[in-house]
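# need coordinates for the below:
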Amino acid sequence: MTQTPTGHAPPPPAPPAGTQPRRTAFAEGFDQLRAAATTEPGRLRIIGALLALLVVAFGAIAAWQMTDRAAAADDVLNRSQPLSSDAADIYRSLADANTAAASGYLAGLQEKPAMREGYERDIRTAAAKLVKAAANSEPGSTSADTIAELSRLLPEYKGLVETARANNRQGYPVGGAYLRAANEMMQQKMLPAAEKLYQTENQRLRADYADAKSFPWAAAGLGLLALAALTWAQRRNYQRTNRVLNHGLVTATAAATVVLLWLAVSHTVARAGLNDSYDHGVRSLDVLHEARIASLTARSDENLTLVRRGADSKTLGDGSAVDAYEWGYDQQIDQLGKSLVRAAGLADDSAGKKPVQDANGFMKVWKDRHSLARDDNNSGNYQAARDRVIGAAKEPTSVCFDNVDKALAAALTHEQNEFKQAASGGRDSLTGLPTGAAVLAVLGATGAVLGIGRRLSEYR
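Numbers count the residues shown, from 1 in each chain. Sure thing, here's the model as predicted:
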């Protein structure tokens with residue numbers, strides 16, 4: 001290669017005089033489009049293409065956004081809410097197992113098979129729900145880590161309970177220490193982890209609700225733009241031909257109008273159904289779960305008061321010392337009362353209010369009977385207090401607790417059905433919209449092209 005004195009390659013030769021540099025394809029296409037826009041047929045072709053593009057884009061965006069919302073609504077109904085309920089069942093099963101373990105320890109050799117089977121059933125339920133939750137959680141997520149921790153602790157807890165039970169049946173006082181260790185593991189590690197899992201699943205449920213209820217602004221905006229463009233095109237056609245209707249453009253306008261109205265009405269109905277499922281389903285379920293947990297914890301503290309016999313004390317703000325489990329019972333029974341008041345306010349029909357009112361009545365009887373057991377225990381009559389709690393007395397507190405739990409279970413079943421009915425209605429209102437929007441968009445685009453094509457035929 002020839003080099004200049006400076007050592008650099010010479011510049012490329014200049015094009016011959018009178019020739020122009022080659023233009024880009026984009027520039028040439030733009031020039032052709034600008035040239036076409038100077039004639040009426042060219043302008044019509046451009047208008048037809050833009051109208052078809054707008055209508056197709058509207059249909060595609062509408063189909064995409066409503067598919068996402070329908071999927072989120074289906075997740076609310078079939079994934080996130082059931083998982084949230086499963087997390088609550090894990091908490092309830094663990095708390096109930098802890099209560100049953102304390103009751104069985106108190107009964108000692110008089111433990112009934114039904115009481116033991118209740119404990120085993122709770123353990124099996126918690127284990128099965130953990131397996132299900134693990135299968136539906138993402139690896140490495142917060143939920144997956146929490147589930148793994150609970151799965152590790154559950155057999156350790158069961159081992160402590162079995163050791164406490166075996167020592168208790170042989171009359172060894174050390175059994176109480178093992179039961180206390182099991183209770184501390186449950187109260188300080190397992191139940192907080194189960195509550196964390198429940199809160200995580202509730203956050204997922206709220207996120208699915210937000211996705212399902214968000215308004216499809218992009219689709220609505222494109223729909224209005226498409227209608228405005230179609231209206232302008234028909235007005236332009238009328239001004240140039242004095243013809244009121246162009247069948248193709250009218251078809252496109254009707255198709256776009258139907259999609260836009262369908263989108264607005266379906267989303268409004270879906271949002272109303274989902275709001276109803278949340279206000280009269282999820283919120284009620286949350287409060288009822290809180291009530292059931294408070295009831296279970298109160299029962300556990302009531303049993304442990306007699307198991308520990310004042311060995312665990314708590315210092316209050318005024319410096320006085322009280323039995324830790326007796327104090328815990330008072331706190332939980334108060335929480336139960338507050339939760340029942342809230343649940344009654346959220347229930348929107350008599351079928352939902354009645355079991356809550358029943359639970360409230362049973363709770364009041366429970367408090368009265370517990371006061372009698374407390375008086376016996378404080379006066380040193382441990383056997384009488386024990387009989388009033390675990391069932392040897394004529395009206396034990398165990399019957400009250402069972403009645404409260406059954407009433408809350410009935411209320412939960414009713415509210416779960418309310419949720420399913422409302423959420424199903426909200427989800428079903430979106431059925432067919434994505435497909436319908438796509439089909440109508442194709443119909444509208446075809447109508448726009450044919451309508452403009454009819455005008456173009458007049459120039460041939």
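
# middle-most residue in this protein, spatially?
When the chain is reduced to its mean C-alpha position, the closest residue under CA atoms, centre = their mean turns out to be L205, at 1.5 Å.

# just give the closest residue to that one, not the sequence neighbours.
S80 (4.1 Å; CB to CB, 6 or more residues apart in numbering). Quick note: C-beta positions are derived from backbone N, CA and C, even for glycine.

# likewise Y119?
Counting by CB to CB, 6+ apart, the residue nearest Y119 is A100, at 3.8 Å.

# and for that neighbour, the neighbour number?
If you count neighbours by other CB atoms under 10 Å, A100 ends up with 25.

# what's near enough to touch it?
By CB atoms under 8 Å, 6 or more residues apart in numbering, the residues touching A100 are M115, R116, G118, Y119, D122.

# just checking, it is part of a helix?
Yes. With the criterion set as DSSP: H, G, I helix; E, B strand; the rest coil, the secondary structure at A100 is a helix.

# quick one: low-confidence parts of the stretch 351-460 of the chain?
Low-confidence segments of the stretch 351-460 of the chain (pLDDT under 70): 392-393, 456, 458-460.

# that one: helices as residue ranges?
382-390, 397-428, 433-456 (DSSP state H, counting those that start in this stretch).

# for the last one, which positions count as buried?
Neighbour-count burial for helix 433-456 flags 433-434, 436-438, 440-452, 454-455 (criterion: 16 or more other CB atoms under 10 Å).

# restrict it to CA atoms and write it as PDB.
Once non-C-alpha atoms are left out, helix 433-456 reads as follows in PDB (Å, rounded to 0.1, in the frame of the first residue of the first chain):
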ATOM      1  CA  LEU A 433     -61.800 -11.300  26.900                       C
ATOM      2  CA  PRO A 434     -58.200 -11.900  25.800                       C
ATOM      3  CA  THR A 435     -59.300 -14.200  22.900                       C
ATOM      4  CA  GLY A 436     -62.300 -12.000  22.000                       C
ATOM      5  CA  ALA A 437     -60.100  -8.900  22.000                       C
ATOM      6  CA  ALA A 438     -57.600 -10.500  19.600                       C
ATOM      7  CA  VAL A 439     -60.400 -11.800  17.200                       C
ATOM      8  CA  LEU A 440     -62.200  -8.500  17.200                       C
ATOM      9  CA  ALA A 441     -59.000  -6.600  16.600                       C
ATOM     10  CA  VAL A 442     -58.300  -8.700  13.500                       C
ATOM     11  CA  LEU A 443     -61.900  -8.100  12.300                       C
ATOM     12  CA  GLY A 444     -61.500  -4.400  12.900                       C
ATOM     13  CA  ALA A 445     -58.200  -4.200  11.100                       C
ATOM     14  CA  THR A 446     -59.700  -6.100   8.200                       C
ATOM     15  CA  GLY A 447     -62.600  -3.800   8.100                       C
ATOM     16  CA  ALA A 448     -60.300  -0.700   8.100                       C
ATOM     17  CA  VAL A 449     -58.300  -2.100   5.200                       C
ATOM     18  CA  LEU A 450     -61.300  -3.000   3.200                       C
ATOM     19  CA  GLY A 451     -63.000   0.300   3.900                       C
ATOM     20  CA  ILE A 452     -60.000   2.200   2.600                       C
ATOM     21  CA  GLY A 453     -59.600  -0.200  -0.300                       C
ATOM     22  CA  ARG A 454     -63.200   0.600  -1.400                       C
ATOM     23  CA  ARG A 455     -62.200   4.300  -1.700                       C
ATOM     24  CA  LEU A 456     -59.000   3.400  -3.500                       C
END
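
# and that helix, how far out from the chain's middle?
Taking the mean of its C-alpha atoms, helix 433-456 sits 39 Å from the chain's own mean (CA atoms, centre = their mean, to the nearest Å).

# avg pLDDT for stretch 121-139?
Summarised as a single mean, pLDDT over stretch 121-139 is 89.

# buried set for that stretch?
Buried residues in stretch 121-139, defined by neighbour count with 16+ other CB under 10 Å: D122, I123, T125, A126, A127, K129, L130, K132, A133, S137.

# what does stretch 223-243 give?
Counting neighbours by 16+ other CB under 10 Å, the buried set in stretch 223-243 is G223, A226, L227, A229, L230, A233, Q234, N237.

# pLDDT on that stretch, on average?
Model confidence over stretch 223-243, given as mean pLDDT, is 84.

# got the angle for the biggest helix by length in the chain vs helix 433-456?
In the chain, taking DSSP state H as the definition, the longest helix is helix 40-75. Here the directions of helix 40-75 and helix 433-456 differ by 170 degrees (axes from the mean of the first three to the mean of the last three CA atoms, to 10 degrees).
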